[in-house]
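# Could you look at this predicted model? Sequence included:
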Amino acid sequence: QVQLVESGGGLVQPGGSLTLSCAASGFTFSGYGMNWVRQAPGKGLEWVSGVNGGASTTGYADSVKGRQFTISRDNAKNTVYLEINNLKPEDTAVYYCAKSPTCGFSGFEYWGQGTQVIVSS
């Protein structure tokens with residue numbers, strides 16, 4: 001069965017950095033797009049970034065464009081990453097990885113359990 005396990009969250013000071021990881025299993029990883037979606041306290045789900053199966057195309061939400069968010073994937077390790085530098089308090093959220101139903105990164109078919117990121121001094 002499909003499993004997505006996020007890790008790498010934690011408490012970080014403003015201006016700090018984190019790299020979130022999502023280890024995938026149960027499907028042919030390179031054949032599917034992957035996404036990062038976040039949910040801030042008291043708010044709805046917000047798509048953050050996506051990468052296609054071949055890692056040739058990425059996308060970012062307008063809210064993080066121009067900031068230091070970088071999505072990447074290692075198909076040999078069945079893992080997708082989200083590197084965030086210069087974190088701000090408004091980045092505080094639970095970050096989920098989500099598998100796309102296609103090789104692109106449009107749509108969400110399966111979700112991980114999430115990893116909490118808290119940005120606070």
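Structure received.
# Only C-alpha atoms from now on, for both contacts and neighbour counts.
Noted.
# ok, residue 66 - how many residues close by?
9 (other Cα atoms under 10 Å).
# right, I mislabeled it, should have said residue 1
A total of 6 residues lie near residue 1 under the criterion other Cα under 10 Å.
# which residues sit in contact with it?
25, 26, 27 (Cα atoms under 8 Å, 6 or more residues apart in numbering).
# hmm, 7 Å instead?
Applying Cα atoms under 7 Å, 6 or more residues apart in numbering, one finds that residue 1 lies in contact with residue 26.
# Equivalent analysis for residue 106, please.
Counted by Cα under 7 Å, 6+ apart, residue 106 has contacts residue 100.
# Quick check: beta-bridge partners of residue 10?
residue 117 (DSSP bridges).
# excluding its backbone neighbours, what's nearest the residue most central in space within the chain?
Centre of the chain computed as the mean C-alpha position; nearest residue by Cα atoms, centre = their mean is residue 36, 2.7 Å away. Once flanking residues are discounted, residue 36 sits nearest to residue 97: 4.5 Å by Cα to Cα, 6 or more residues apart in numbering.
# Surely that neighbour and residue 20 touch.
No - counting by Cα atoms under 7 Å, residue 97 sits too far from residue 20 to count as a contact (9.4 Å).
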